[in-house]
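How does the following fold in three dimensions:
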Amino acid sequence: MIALPSIPIDNIVEELGLEVIYCHDSRPLVVTTSDINRPGLQFAGFFDYFASERIQVLGKVEMTYLETLDPDFRLQQLDKFFQYDFPCLIISRDMEIPPYILELSRKYSRCLFRSSQSTSSLTQRLINYLGSALAPKITRHGVLVDVYGAGMFIMGESGIGKSETALELVKRGHRLVADDAVEIKKVTDSRLIGESPELIRHFMEIRGIGIIDIKSMYGVGSVINNKPLDIVIYLEFWDDSKEYDRLGLTEEHIEILGVKLPKIVIPVRPGRNLAIILEVAARNWRLKRMGYNAAVELDNRLNALIQQNRGE
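Below you'll find the model as predicted:
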């Protein structure tokens, strides 16, 4: 059974700069979903489909509504609300916390925080942060480079020249994201983001020379912290017995975390300028995104010429 991704409450408090009003220390608290809930309906007495696994956020609307309720009914609904095992309750806009909310937080050991941000800003930051922190993640061996705006993930056997190719691309003005190990996050159903582990960020290993610091050597413009994956480039040693694609009419794909990415196999042998080939691959990918495919265009011209000759 695969464990659900989770993030400790303490990380959220630190990231968003929340004020801790009350939080018990009896057990570690984690969040497992990037969604949040504003419990206005629950305060009105509707608890069907209550998403109690989410962080609960109270804004000015909810707080004002609570103040309009009959005290006995309010206490009844809040007592029922606090019995649910939600991760924490956050009050926005630095609003004063009513004694009945603080009392119930302590009674049921629910963490209570306060934020100076507006409710909309707070919820947006929470969703963005949790969406990234809880995204499915995998680490793959390879090099990730930003080439003409395309995130190119270079894979291949050890020693085939991935780092040397990336170094040549950096020298030609492109940007390095990660060398050797790439942490890949699935941030949406069709989008992967790659970045380098913090320990080796901006470093590259060149055999015969050793470790070099790309940022210090080529400047801050030569690196970028993260980049969406757009194309997978697979380098392999040239095999004379293998038939390589010469037209580009058919596309290969590879799946990473359930997301399909176009895959280009580049055979490697002495004399091939891999950096230029990868630049061409990036430009060709951009043209395809705009609706132009050179292979299809040539195929259409040939078919039109054949039809014309048959007509004559």
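
pLDDT weak spots in this structure?
Applying pLDDT under 70 to the chain flags residues 1-4, 25-28, 311-312.

Can you pull the domain assignment for it?
For the chain, automatic domain parsing gives the domain ranges 7-133, 137-298.

Take those domains and write them to CSV, including mean neighbour count.
From N, CA and C alone the C-beta is placed, and that goes for glycine too. Below are those laid out as CSV (neighbours: other CB atoms under 10 Å):
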stretch, mean neighbour count
domain 7-133, 16
domain 137-298, 16
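
what sits against R114?
18-19, 21, 90-92, 94-95, 97 (CB atoms under 8 Å, 6 or more residues apart in numbering).

Quick check: bridge partners of it?
As for beta bridges, R114 partners with E19, I91 under DSSP bridges.

contacting residues for E183?
The contact partners of E183, by CB under 8 Å, 6+ apart, come to 137-139, 194-197.

Looking at these, spot the one nearest V296.
V296 lies nearest to G194 out of the contacts of E183, by CB to CB, at 29.3 Å.

I'd like to know which elements the helix or strand containing the closest one is packed against.
When elements are assigned from DSSP states H and E, G194 belongs to strand 191-195. Applying 3 or more CB pairs under 8 Å, 6 or more residues apart in numbering; DSSP states H and E, one finds that strand 191-195 contacts strand 175-178, strand 181-188, strand 226-228, strand 259-268.

quick check: angle from the last one to strand 181-188?
This means strand 259-268. Compare the direction of strand 259-268 with that of strand 181-188 by axes from the mean of the first three to the mean of the last three CA atoms, to 10 degrees and you get 150 degrees.

Show me what strand 259-268 is packed against.
In terms of contacts (3+ CB pairs under 8 Å, 6+ apart), strand 259-268 is packed against strand 191-195, strand 231-237, strand 252-256, helix 274-289.

partner strands of the third one, parallel or antiparallel?
The partner list of strand 252-256 in its sheet, established with DSSP bridges, is strand 259-268 (antiparallel).

got the CA positions of the strand it pairs with in CSV?
Presented in CSV, the C-alpha positions along strand 259-268 are these (Å, rounded to 0.1, in the frame of the first residue of the first chain):
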residue,chain,number,x,y,z
VAL,A,259,2.3,11.9,-17.8
LYS,A,260,3.2,11.2,-21.5
LEU,A,261,6.1,13.2,-22.8
PRO,A,262,7.5,13.2,-26.4
LYS,A,263,10.8,11.2,-26.5
ILE,A,264,13.5,11.6,-29.0
VAL,A,265,16.3,9.0,-29.3
ILE,A,266,19.6,10.6,-30.4
PRO,A,267,22.4,8.1,-31.5
VAL,A,268,25.8,9.3,-30.3
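
I'd like the distance between the most centrally placed residue in the chain and L134.
In the chain, the residue lying closest to the centroid (CA atoms, centre = their mean) is V187, at 3.7 Å. For V187, the distance to L134 (CB to CB, to the nearest Å) stands at 10 Å.

again, but for L176
In terms of CB to CB, L176 sits 27 Å off from L134.

Please apply the same query to L298.
46 Å.

Also I266?
Distance from I266 to L134, counting by CB to CB: 35 Å.

Likewise for M95?
Taking CB to CB, one finds M95 at 28 Å from L134.

Quick one: end-to-end distance for stretch 108-117.
This stretch, stretch 108-117, spans 26 Å end to end (CA to CA, to the nearest Å).

let me fix that: stretch 95-104
By CA to CA, one end of stretch 95-104 lies 17 Å from the other end.

Run the chain-centre distance for that stretch.
Here the centre of stretch 95-104 is set off from its chain's centre by 36 Å, with CA atoms, centre = their mean, to the nearest Å.

Contacts for it, please.
Against stretch 95-104 from outside (CB under 8 Å, 6+ apart): 21-22, 58, 60, 63, 66-67, 74-75, 78-79, 82, 89, 91, 110, 112, 114.

rerun at 6 Å
Contact with stretch 95-104 is made by 63, 78, 82, as judged by CB atoms under 6 Å, 6 or more residues apart in numbering.

what about dumping the CA coordinates of the strand or helix carrying the second one to PDB?
I take that to be L78. For L78, the host element (DSSP H and E) is helix 71-82. Coordinates of the C-alpha atoms in helix 71-82 are reproduced here as PDB (Å, rounded to 0.1, in the frame of the first residue of the first chain):
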ATOM      1  CA  PRO A  71     -25.400  32.000  21.500                       C
ATOM      2  CA  ASP A  72     -26.900  28.600  22.400                       C
ATOM      3  CA  PHE A  73     -27.300  27.600  18.700                       C
ATOM      4  CA  ARG A  74     -23.800  28.900  17.900                       C
ATOM      5  CA  LEU A  75     -22.200  26.900  20.700                       C
ATOM      6  CA  GLN A  76     -24.100  23.800  19.600                       C
ATOM      7  CA  GLN A  77     -22.900  24.100  16.000                       C
ATOM      8  CA  LEU A  78     -19.300  25.000  16.900                       C
ATOM      9  CA  ASP A  79     -19.100  22.100  19.400                       C
ATOM     10  CA  LYS A  80     -20.200  19.700  16.600                       C
ATOM     11  CA  PHE A  81     -17.700  21.300  14.200                       C
ATOM     12  CA  PHE A  82     -14.800  21.000  16.600                       C
END
